[in-house]
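Visitor: quick one, fold the following:
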Amino acid sequence: MATDKVFEVQKTEAEWQQLLTPEQFRVLRKHGTERAGTSPLDKTYEPGTYACSGCGQDLFTSDTKFNSGTGWPSFYAPIEGAIETSVDRSFFMTRVEVHCSRCGGHLGHVFPDGPKPTGQRYCMNGVSLEFKPANP
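Guide: Modelled structure (predicted):
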């Protein structure tokens with residue numbers, strides 16, 4: 001991981017591979033990125049909560065979701081304490097990487113071009129998230 005923090009949920013690489021799909025493992029544990037426009041969660045706007053697909057921790061609520069036009073699920077604020085950030089210097093640029101605060105899984109990046117009230121755009125990989133409807 002790009003951070004030195006010791007996370008509450010610890011698993012071996014083999015355990016993560018058994019728990020996650022190959023695409024979830026590539027994104028959550030290897031800092032991959034899914035192709036834009038491939039996640040059905042990008043166009044999901046029903047009331048509910050978005051949780052980490054690695055450990056199940058709630059990360060974002062539907063109240064903070066917006067259509068960024070980027071092809072990835074986007075939010076203007078996480079649930080308090082649900083995420084950690086680190087500096088990502090890959091691809092010859094500097095970005096702020098977003099991780100689950102419980103398992104350290106890579107969720108995506110945050111950019112300073114989002115809507116009010118925060119001005120932030122948490123651009124998340126859909127495979128890193130599981131949607132939990134408010135009224136299942």
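Visitor: how about the residue nearest the centre of the chain, what does it touch?
Guide: Closest residue to the average C-alpha location of the chain: Leu107 at 2.7 Å, with C-alpha atoms, centre = their mean. Residues in contact with Leu107 (C-beta atoms under 8 Å, 6 or more residues apart in numbering) are 28, 52, 59, 83, 98-100, 122, 124-125, 128-129. Where C-beta positions appear, they are placed from N, C-alpha and C, glycine not excepted.
Visitor: and it, what element?
Guide: strand 106-111 (DSSP states H and E).
Visitor: partners of that strand, with directions?
Guide: The strands that strand 106-111 pairs with in its sheet are strand 95-100 (antiparallel), strand 121-124 (antiparallel) (by DSSP bridges).
Visitor: tell me the mean pLDDT for it?
Guide: Strand 106-111 carries an average pLDDT of 95.
Visitor: what does stretch 121-136 give?
Guide: Here the average pLDDT along stretch 121-136 is 94.
Visitor: before we move on, the earlier item: Thr44 is nearest to which of the strands paired with strand 106-111?
Guide: strand 121-124 (11.9 Å; C-beta to C-beta).
Visitor: need the next SSE after the closest one, C-terminal direction.
Guide: strand 129-133.
Visitor: surely Thr33 is within a strand?
Guide: No: applying DSSP: H, G, I helix; E, B strand; the rest coil, one finds Thr33 to be coil, outside a strand.
Visitor: just list the residues touching it, thanks.
Guide: Counting by C-beta under 8 Å, 6+ apart, the residues that Thr33 touches are 27, 108, 125.
Visitor: right, and Thr64 touches Tyr76 too?
Guide: Yes: if you go by C-beta atoms under 8 Å, Thr64 and Tyr76 touch, sitting 5.2 Å apart.
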